[in-house]
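Q: this one's structure only:
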Ligand code: NAP
Ligand code: F7E
């Protein structure tokens, strides 16, 4: 019997890799998609088949984490064995502009989903997409017992979501886990996160269609891994005998400047000729240094990463060059045009 999974945030970076992984393991996958005036499914279009096709195993449903009754209906209908809650307003800089919306989706959305599971009484397992942003100002290395000190409305919302997940585990006996994932990137990363922004700019500058890249703080250090590997850890967390929380990270850290240097060097450019500072990309409070200790995930789950930041920078830059060559953004969800108007700095 194949298992059934319900995935919120299936249209995002991680949702698309997780859907691929689950389908490869013979799951039936149901994804929650927000209604938008433009299509927002480009990261999963390659997985989708007409639902009339008897071979179809991926099904999409409109829904939103701010809509509790819809979430409960979907749970009743799908009756999943596993629920992966990946949906969030996930951009740290944007969370300073939209703190209330971020809390509503990223924090309260988690409660809505957990409460719907509790009320329907379904015996499903629950994965919560927790984040290294919860550690914020606490110095590295960070592990499962490190105290939280979030530095953004996003980080604060994720701390709430972390604790409500633990609370439902302790209070109601739900099989509910927190995956505390450090930054993970890929060619499918949203175009306004720094790695994708830098990789896209390096490729565009090399191709002669852009000249300058504006960035904020180059000194921040992150533990960057590869998203395609991190979704495997999510799945492993739901296959254990008992629920628990795990840090998922590479254990290595690089500065934003290191990442910039890697991407530009890969296309034989000197980043200093093209990168300019713009204070709009600074945050009111910054997270300076994140380095995860994922030894528990290695010991218990048998999970270990193989891709580290320099290789990630090269593979992301190569993907941007390839997309430019084909003039086809494909699943890369479009290389951002420099002239595109954005409502707020990212
Ligand atoms: P992402 O690319 O920004 O995807 C977020 C997903 O959430 C998208 O599918 C988005 O839909 C959906 N969403 C946003 N608001 C929603 C709402 N109100 N109702 C329903 N769906 C909503 O993020 P990601 O990088 O894949 O990350 C997945 C999860 O892991 C997020 O919870 C993120 O906070 C967390 N996380 C990420 C990292 C990382 O480094 N990537 C690290 C730690 C934790 P649209 O496509 O319509 O916008
Ligand atoms: O910033 C600096 C910025 O936006 C990384 C999310 O997935 O990971 C992500 O959050 C660093 C920061 O990711 C620009 O100040 C400089 O120090 O790529 P980011 P993030 O804030 O670490 C965590 C784990 C999550 O959970 C989140 O959902 O880069 N930086 N200049 C810049 N950042 C951006 N975005 N744009 C710049 O121009």
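A: Alright, I've got the coordinates. Note that the coordinates shown come from a computational prediction; the quantities given were computed from them, not determined experimentally. Ligands and ions are numbered 1, 2, ... in the order given.
Q: What segments of the stretch 101-250 of the chain are helices?
A: 109-120, 153-172, 194-206, 227-237 (DSSP state H, counting those that start in this stretch).
Q: Mind listing residues that contact the shortest one?
A: So that's helix 227-237. Contacts to helix 227-237, defined as CB atoms under 8 Å, 6 or more residues apart in numbering, come from residues 13-14, 17-18, 21-22, 25, 84, 127, 129, 177, 179, 181, 184-186, 188-189, 244, 246, 248, 297, 301-303, 305-307. C-beta coordinates here come from the backbone N, C-alpha and C atoms, glycine included.
Q: re earlier: who wins for proximity to ligand 2 among the helices of the stretch 101-250 of the chain?
A: helix 194-206 (3.6 Å; CB to the nearest ligand atom).
Q: close to ligand 2, is that closest one?
A: Yes: judged by CB under 6 Å from any ligand atom, helix 194-206 and ligand 2 are in contact via 194, 197.
Q: Near ligand 1, which residues of the stretch 51-200 of the chain are found?
A: The stretch 51-200 of the chain comes close to ligand 1 at residues 64-66, 86-90, 105, 129, 131, 181, 183-184, 190, as judged by CB under 6 Å from any ligand atom.
Q: So out of everything in the stretch 201-346 of the chain, what residue is nearest ligand 2?
A: Closest point on the stretch 201-346 of the chain to ligand 2, by CB to the nearest ligand atom, is residue 220, at 3.0 Å.
Q: Need the pLDDT of residue 339.
A: Looking at residue 339, its pLDDT stands at 29.
Q: Check residue 97 too.
A: On the pLDDT scale, residue 97 gets 98.
Q: Tell me how far it lies from residue 91.
A: 9 Å (CB to CB, to the nearest Å).
Q: For those two, indicate the residue with more neighbours.
A: residue 91 (18 against 14; other CB atoms under 10 Å).
Q: remind me which residues of the stretch 1-150 of the chain are low pLDDT?
A: Within the stretch 1-150 of the chain, not a single segment meets pLDDT under 70.
Q: The stretch 201-346 of the chain now?
A: Ranges of the stretch 201-346 of the chain meeting pLDDT under 70: 328-346.
Q: Whichever residue of it sits closest to ligand 1: how many residues sit nearby?
A: Ligand 1 sits closest to residue 227 of the stretch 201-346 of the chain, with a gap of 6.4 Å, by CB to the nearest ligand atom. Residues lying near residue 227 (other CB under 10 Å) number 22.
Q: repeat for residue 209
A: 12.
Q: Can you select the buried ones from the contacts of helix 227-237 in ChimeraX?
A: In ChimeraX, a selection of the buried entries from these looks like this (16 or more other CB atoms under 10 Å):
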select :13,14,17,18,21,22,84,127,129,177,179,181,184,185,186,188,189,246,248,297,301,303,305,307
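Q: Take the contacts of helix 227-237 and keep only those in strands.
A: 84, 127, 129, 177, 179, 181, 184, 185, 246, 248 (DSSP state E).
Q: which residues does the residue lying closest to the second one once chain neighbours are set aside bridge with?
A: This points to residue 127. Nearest residue to residue 127, sequence neighbours excluded (CB to CB, 6 or more residues apart in numbering): residue 84, at 4.6 Å. Applying DSSP bridges to residue 84 yields these beta-bridge partners: residue 7, residue 127.
Q: Same check on residue 142?
A: residue 292.
Q: What parts of the stretch 1-150 of the chain come near ligand 2?
A: So the stretch 1-150 of the chain meets ligand 2 at 90, 92, 93, 131, 132, 133 (CB under 6 Å from any ligand atom).
Q: Contact partners for the fourth one?
A: When you say that, I think you mean residue 131. 154, 155, 158, 180, 181.
Q: Could you tell me how far it is located from residue 282?
A: In terms of CB to CB, residue 131 sits 20 Å off from residue 282.
Q: rewinding a little: only the buried members of the residues of the stretch 51-200 of the chain next to ligand 1: can you turn that into a ChimeraX selection?
A: Restricted to buried positions by 16+ other CB under 10 Å, the ChimeraX selection for those reads:
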select :64,65,86,87,88,89,90,105,129,131,181,183,184,190
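Q: Perfect, that will be all.
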